[in-house]
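*Asks:* Take this sequence and fold it.
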Amino acid sequence: QVQLVESGGGLVQPGGSLRLSCAASGSITGIYAMDWYRQAPGKQRELVAASGRSTNYADSVKGRFTISRDNAKNTVYLQMNSLKPEDTAVYYCHAEISYCSGYVCYDPREYWGQGTQVTVSS
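*Replies:* Numbers count the residues shown, from 1 in each chain. Purely as a prediction, here's the structure:
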């Protein structure tokens, strides 16, 4: 089985910074994408940053957020700078991962982290 474990959320003042981490664990044979989504109260979940063959960002975070990966650690990071109150949301890690269980190997499947709260407020 595969698990995604997130960390790094919290309360920060406007203009501040936070770094989120998401580590994948299990008998992983391949990671095809690792992305960050967020969901604010009363809103739909939206893609914030994607890392695959190229990186992509939501227009609202371009120039402020940076996604990066440490493939040796199966970990993706989201560095968030110049945070604004409208960045307040639960942030979710998403990944497409293939793994083996015993002698059985599986095609890539989608996994989600448990979510981490980011609150930007003075």
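*Asks:* Show me the beta-bridge partners of residue 18.
*Replies:* For residue 18, the beta-bridge partners are residue 80 (DSSP bridges).
*Asks:* neighbours around it, how many?
*Replies:* Residue 18: 20 surrounding residues under other Cβ atoms under 10 Å. For glycine as for every other residue, the C-beta is placed from the backbone atoms N, C-alpha and C.
*Asks:* Grab the nearest non-local neighbour of residue 57.
*Replies:* Leaving aside its sequence neighbours, residue 57 sits nearest to residue 49 (Cβ to Cβ, 6 or more residues apart in numbering; 5.1 Å).
*Asks:* Measure how buried the one you found is and give me the count.
*Replies:* Taking other Cβ under 10 Å as the definition, residue 49 ends up with a neighbour count of 24.
*Asks:* backbone phi and psi for the residue of the chain most remote from its centre, please?
*Replies:* In the chain, the residue that sits farthest from the middle, by Cα atoms, centre = their mean, is residue 103; the gap is 29.9 Å. Backbone geometry at residue 103, expressed as degrees, to the nearest 10, gives phi -90, psi 0.
*Asks:* which residues touch the one helix or strand the residue nearest to residue 57 maps to?
*Replies:* Assigned by DSSP states H and E, residue 49 belongs to strand 46-51. Under the contact criterion Cβ atoms under 8 Å, 6 or more residues apart in numbering, strand 46-51 has outside partners 33-39, 55-58, 61, 65-69, 76, 78, 91.
*Asks:* Of these, which count as buried by neighbour count?
*Replies:* Among the contacts of strand 46-51, the ones that count as buried by 16 or more other Cβ atoms under 10 Å are 33-38, 57, 61, 65, 67, 69, 76, 78, 91.
*Asks:* Which strand residues bridge residue 91?
*Replies:* residue 38, residue 116.
*Asks:* Quick check, it in contact with residue 9.
*Replies:* Yes: with contact defined as Cβ atoms under 8 Å, residue 91 counts as touching residue 9 (6.4 Å).
*Asks:* what touches both of those two?
*Replies:* 20, 116-118.
*Asks:* Burial check on residue 100, number of neighbours?
*Replies:* Neighbours around residue 100, by other Cβ under 10 Å: 12.
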